[in-house]
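[1] Generate a structure from the sequence data that follows.
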Amino acid sequence: PYPVPRNAIDPKLVPGGSSCGSAVATAHGIVSFALGTDTAGSGRIPAGLNNIVGLKPTVGALSATGVVPACRTLDCVSVFALTVDDAYSVFRAAAAKDDVDPYSRAIAAPPLGPRPPALTVGVPAKADREFFGDAAMQAGFETALRTLEQLGCRLIEIPFGDFYATANLLYEGAWVAERYAAIADFMDVNEAAMHPVTRKIIGGARKLSAADAFKGLYALQAYKARLAPVIASVDLFCVPTAPTHYTIGAVLADPIVTNSRLGTYTNFVNLLDMCGIAVPTGKRDDDLPMSVTLLAAAGKDALTATLASELHAASGLGLGATGWAMPAFAAKSFDPADDLIELVVVGAHLSGMPLNGQLCALGARLSRSARTVASYQLYALAGQSVPKPGLVRVADGNGKSIDVEVWRLSPDAFGRFVAAIPPPLGIGTIELDDGTSAKGFLVETAGLS
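    Modelled structure (predicted):
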């Protein structure tokens, strides 16, 4: 009944799917979080196109009681938020078995804690990646994959043909018939009031038979059997949230083709009983938002959120379209009771720099980007095989605020890392501008001469 919501980043662009109003309100900071629904991707695509987080739980984890159904067997209540921590907090509060909802399931929602140090992440094989000519989106995805490697993940290329074939089922016999079954009484009386595209797609179900529906179910079961060992072969998957950005005009001109393309990496997820979370990972070369979605088998919602939090923290992005910086707590997707040690790094150990692999090899995980208090100076160290800066604390008023990263290591890994530090570098306590402090690299003044 109202005009299309405007994309929060660029009003000329489409804001996403059927839950885009919720996403836009969240991206502007009007609300702390909002609920959406996700059958084919409406809890993920709007998140990716508006620079926010979109958590699509395992099917049945959140009760769908009261939700107007699309495909009742696939529908999910999803969560939009500015940070992964907020989205997952809502998920934990809402996840519960609902005896009124016959599709509800008891899905564990533990606190976010330390993840396994060396995750295997399946990614579409290069030959199977589809961006429909959008080179900026392709480059943004490749950058996100490099960040995953810097976080210690091992990427495994997976043929995606069967995933795409599964996605195609969603708008064929069985599930188009299910959409019609959900609204048949209304549609048969009020068809003229429906959006013409919706009317065309769902109305096609009147020509389908029960045999067509069963053929679709048989086809899905065959793909599930074929893909089950593929899904089990890795800890989780990383795919683009959307393959491209479209203008509103382009979607209105050809809504079926453009929406089908937008669902390239989303339409198969609920059919295969996977959970997922869309997370911003940076800006494209044209400053439009870049987002990836982490996917995993049913019940692994906590695992996907833990890695998503690290990815979001590594992006250095502001929140949605608010202009607000990411709060430090949003990047700390760990149980406060864990025994991990924070380590402040600068220079050659930063993400993407030559010595960052030393941290990743020890299972260290990026916690957040940060800045020191304005009491430090950086000096170039002489005689280094790999160029390194030396961080020195100076008298108040004579220093600068230095960009750093905070990583987290187990006590054993921290000890091994410190034991390998060559002079004149050492470990001391570094004060950060968020009021916290942590151990980190300092240099002996003798090393500056």
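[2] For burial, what's the neighbour tally of Pro111?
    13 (other CB atoms under 10 Å). The way it works is simple: take the backbone N, C-alpha and C, and place the C-beta from them, glycine included.
[3] As a check, name the ranges of all strands in the stretch 1-150 of the chain.
    Under the criterion DSSP state E, counting those that start in this stretch, strands of the stretch 1-150 of the chain are mapped to 33-38, 53-56, 76-81, 120-124.
[4] looking at this, Gly249 is in a helix?
    Yes. Counting by DSSP: H, G, I helix; E, B strand; the rest coil, Gly249 falls inside a helix.
[5] List the contacts of it.
    By CB atoms under 8 Å, 6 or more residues apart in numbering, Gly249 lies in contact with Lys12.
[6] what's the spacing between it and Cys71?
    Distance, Gly249 to Cys71, using CB to CB, to the nearest Å: 29 Å.
[7] same question, Ala210
    Using CB to CB, Ala210 is found at 17 Å from Cys71.
[8] Same check on Ala302?
    For Ala302, the distance to Cys71 - CB to CB - is 26 Å.
[9] Assign the spatially most central residue of the chain to helix, strand or coil.
    Central residue of the chain (CA atoms, centre = their mean): Val279, 2.6 Å from the mean position. Of the three states, Val279 takes strand under three-state DSSP.
[10] please renumber so the chain begins at 52
    Will do, 52 is the new start, and the previous item becomes Val330.
[11] Of Ala261 and Cys122, which one has the most company?
    When Ala261 and Cys122 are compared for neighbours, Cys122 comes out ahead with 19 against 10, by other CB under 10 Å.
[12] And the pLDDT for that one?
    According to the prediction, Cys122 has pLDDT 92.
[13] still on that earlier bit, for the residue nearest to the centre of the chain, name its beta-bridge partners.
    Per DSSP bridges, the residues bridged to Val330 are Val343.
[14] Give the full set of residues in contact with it.
    Contacts for Val330 (CB under 8 Å, 6+ apart) come out as 104, 135, 342-345, 359, 362-363.
[15] Paired strands for the strand or helix carrying Glu208, with orientation please.
    Assigned by DSSP states H and E, Glu208 belongs to strand 205-209. Note on strand 205-209: by DSSP bridges, its sheet partners are strand 171-175 (parallel).
[16] Tell me, how many residues neighbour Tyr231?
    By other CB under 10 Å, 18 other residues sit near Tyr231.
[17] So it is in contact with Arg257, correct?
    Yes. With contact defined as CB atoms under 8 Å, Tyr231 reaches Arg257; the gap is 7.0 Å.
[18] returning to what we had before: if I look at the residue nearest to the centre of the chain, how far off is Val55?
    Val330 sits at a distance of 25 Å from Val55 (criterion: CB to CB).
[19] for Ala147, same thing?
    Separation of Ala147 from Val55 (CB to CB): 34 Å.
[20] With Gly67 instead?
    10 Å.
[21] Looking only at neighbour counts, state which of the two leads.
    Of the pair Gly67 and Val55, Gly67 is the one with more neighbours under other CB under 10 Å, namely 29 against 13.
[22] out of everything not next to it in sequence, what's closest to that one?
    Setting aside the residues directly before and after it, Gly67 is nearest to Pro97 in space (CB to CB, 6 or more residues apart in numbering), at 2.7 Å.
[23] Give me the neighbour count for the one you found.
    Pro97 has 35 neighbours, counted by other CB under 10 Å.
[24] contacting residues for it?
    66-68, 70-71, 73-75, 87, 105, 131.
[25] of these, closest to Phe265?
    Relative to Phe265, the closest of the contacts of Pro97 is Gly68; by CB to CB it sits at 28.3 Å.
[26] if I look at the closest one, how far off is Ile234?
    From Gly68 to Ile234 the distance is 18 Å (CB to CB).
[27] More neighbours: which of these two?
    Gly68 (25 against 16).
[28] returning to what we had before: could you dump the contacts of Val330 into a markdown table with distance to Gly448 added?
    Below are the contacts of Val330 laid out as a markdown table (distance: CB to CB, whole Å):
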| residue | distance to Gly448 |
| --- | --- |
| Val104 | 40 |
| Val135 | 38 |
| Ser342 | 42 |
| Val343 | 43 |
| Thr344 | 47 |
| Leu345 | 45 |
| Ala359 | 40 |
| Leu362 | 37 |
| His363 | 35 |
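[29] most neighbours, which of those?
    Comparing these by number of neighbours (other CB under 10 Å), Val104 comes first, having 32 neighbours.
[30] Lys177 contacts Glu208, correct?
    Yes. The pair Lys177 / Glu208 is scored as a contact, 6.7 Å apart, by CB under 8 Å.
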